[in-house]
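S.K.: just to be clear, the model below is a prediction. Sequence and coordinates:
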Amino acid sequence: LANAGPTGLKERIAAELAAVRERSLAYTDADDDMLVRQHSPLMSPLVWDLAHVGNYEELWVLREVGGIEPLRPEIDHLYDAFKHPRKDRPSLPLLGPAEARKYISGVRGRVLDVLDQVDLAAPDPLRSGGYVFGLVLQHEHQHDETMLATLQLSRRPGLVRDGELPPGRPAAEPEVHIPAGVFTMGTDTVAWAYDNERPAHRIYLPGYWIDRRPVTNVAYLEFVEDGGYRDPRWWLPQGWEWAERNGVEAPLYWTRDGDTWWRVRFGREEPVPLDEPVQHVSWYEADAYARWAGKRLPTEAEWEKACGGRTYPWGEADPGHLGRWANLGHRAARPAPAGAFPDGASPYGVEQLIGDVWEWTDSWFQPYPGYRCFPYEEYSKVFFGETYRVLRGGSWATHPSAVRTTFRNWDYPIRRQIFAGFRCARSEE
Ligand code: AVJ
Ligand code: FE
């Protein structure tokens, strides 16, 4: 979609806008208590996310591009993520669920008028190629994934649909060798890429090994059963301190019952599926596991090089909703078993890079050389530094239009409610 030519671009944007809104409304198709309640101090009430995506759409499409006067200027501050931290949002005078739905649908009606009028071939970078629509589409899908994390934290069953996934395959060689050499990191050409994915730049990497697949629950269980959480040798000091203070001894949502490990998934308990990629681990846990395994986390450059220099590991074809290449877009409510997507492998043979679980990397979220902020500082720029670790590849909950091999996500190294796992790497001897 992002690379579609001008013909039909407006129709495709309109269809994508309708689809993302259908998704947001499905995740908020619940009683008012469910929507206004704070399920965790880490998250906003669901009704905040709902109105926030509409407010963002109003700011960028209606005001910036359409030149339309603010519809409800008095509510802007409520939905500015920098004005009020998540834990304070429930006590704000937010729009109620019915009002929020009405507000965002009013915005959307006008957005479709702007789409109808706008010249997508204009040189202005917000209009060109429909960039501003890519911005709001990806933004809403990102918040939809955040809403899923909130729903998972709520531990209430019922709202989140599940679906079928292909079976796993036994592993061939567990690691893939990537030879030394220069590759191109980032992009200048992917139409809807964010500022932090640009510019494309050449990087030399020495040879390294990277896991063919994400680390599975059965592999992670070995670390747990081997006393990995009780041995400071494997942990960075800050990670050790964090795990001790919070009593962390397994991934979030896991509990032990005798010899069996169970997990809660969207309010239902089930045995931990052994061949599924581990999720709900912090960066510190991923880092400790890697050290225990005699490996390390890949840098984001190593992760991206393993994708083989394409928009997706399998090539340029859009993953679509029910593609055979990756587990994306909430086709199911969990990662697919290891080996489920042989056709999605990169030219090097690395599998499941896109979809299933976000993958922690060793890298801090920093700008690329030649970075230029666009269209606003609060998307990426204010987060650069040594505070956030980069995650790559998207999860089962990530929509296809909001992920690609150059896409960069980031979070605090203690975060576990996101749908994150990891794979390991090691340097050539
Ligand atoms: C890119 C996922 C870190 O959700 O916090 C949403 C994206 N920016 N609204 C987030 C974002 C503004 C951001 N992440
Ligand atoms: Fe946002």
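M.R.: Everything's here; your move. Ligands and ions are numbered 1, 2, ... in the order given.
S.K.: all contacts plus neighbour counts: C-alpha atoms, from now on.
M.R.: Will do.
S.K.: all strands of the stretch 251-400 of the chain, in order?
M.R.: For the stretch 251-400 of the chain, the strands defined by DSSP state E, counting those that start in this stretch occupy 254-257, 260-265, 268-271, 358-364, 389-392.
S.K.: hmm, who's touching the second one?
M.R.: If I follow you right, that is strand 260-265. 152, 155, 253-256, 269-272 (CA atoms under 8 Å, 6 or more residues apart in numbering).
S.K.: narrow the residues you listed to those that are buried.
M.R.: The neighbour-count test (16 or more other CA atoms under 10 Å) marks 152, 155, 253-255, 272 as buried among those.
S.K.: tell me the one among the residues you listed nearest to ligand 1.
M.R.: Gln152 (16.0 Å; CA to the nearest ligand atom).
S.K.: any idea which helix or strand carries the closest one?
M.R.: Using DSSP states H and E, Gln152 falls within helix 131-154.
S.K.: for Glu57, same thing?
M.R.: Using DSSP H and E, the element containing Glu57 is helix 46-57.
S.K.: please see if that helix touches ligand 1.
M.R.: No. Figure legend: helix 46-57 not in contact with ligand 1 (CA under 6 Å from any ligand atom); closest approach 8.3 Å.
S.K.: end to end, how far does stretch 273-281 reach?
M.R.: 15 Å (CA to CA, to the nearest Å).
S.K.: quick check: mean pLDDT of that stretch?
M.R.: Averaged over stretch 273-281, pLDDT sits at 98.
S.K.: ok, residues contacting it?
M.R.: Everything outside stretch 273-281 that qualifies as a contact, by CA under 8 Å, 6+ apart, is 168, 214-218, 220, 251-253, 335-338, 356-357, 415-422.
S.K.: and if you look at stretch 190-197?
M.R.: Counting by CA under 8 Å, 6+ apart, 2-3, 129, 131, 134-135, 186-187, 311, 367-368, 371-375, 380-381, 406-408 sit against stretch 190-197.
S.K.: before we move on, back to that, reformat the strands of the stretch 251-400 of the chain as JSON lines; add distance to ligand 1.
M.R.: Output for the strands of the stretch 251-400 of the chain, formatted as JSON lines (distance: least, CA to the nearest ligand atom, whole Å):
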{"stretch": "strand 254-257", "distance to ligand 1": "24"}
{"stretch": "strand 260-265", "distance to ligand 1": "21"}
{"stretch": "strand 268-271", "distance to ligand 1": "26"}
{"stretch": "strand 358-364", "distance to ligand 1": "11"}
{"stretch": "strand 389-392", "distance to ligand 1": "9"}
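S.K.: how about stretch 49-56: buried residues?
M.R.: Neighbour-count burial for stretch 49-56 [16+ other CA under 10 Å]: 49-56.
S.K.: now do stretch 337-355
M.R.: Buried residues in stretch 337-355 (16+ other CA under 10 Å): 337-346, 348-355.
S.K.: same check, this time on stretch 377-395
M.R.: 380-381, 383, 388-395.
S.K.: quick revisit: for PyMOL, what selects the buried ones among the contacts of stretch 273-281?
M.R.: Typed into PyMOL, the next command selects the buried ones out of those (criterion: 16+ other CA under 10 Å):
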select buried, resi 214+215+216+217+218+220+251+252+253+335+336+337+338+356+357+415+416+417+418+419+420+421+422
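S.K.: so which of the contacts of stretch 273-281 sit within helices?
M.R.: 217-218, 220 (DSSP state H).
S.K.: and the residues you listed, which is closest to ligand 1?
M.R.: Taking these together and measuring to ligand 1 by CA to the nearest ligand atom, the closest member is Asn217, at 24.4 Å.
S.K.: tell me the spacing between the closest one and Phe422.
M.R.: Counting by CA to CA, the gap from Asn217 to Phe422 is 11 Å.
S.K.: next one: Thr311
M.R.: 20 Å.
S.K.: hmm, who's touching stretch 338-345?
M.R.: Residues contacting stretch 338-345 (CA under 8 Å, 6+ apart): 165-171, 213-214, 216, 275-277, 313-314, 324-326, 351-353.
S.K.: next, count neighbours for the residue nearest to Ile68 when sequence neighbours are not counted.
M.R.: Closest residue in space to Ile68, ignoring its immediate chain neighbours: Leu62 at 5.4 Å, by CA to CA, 6 or more residues apart in numbering. By other CA atoms under 10 Å, the residues close to Leu62 number 24.
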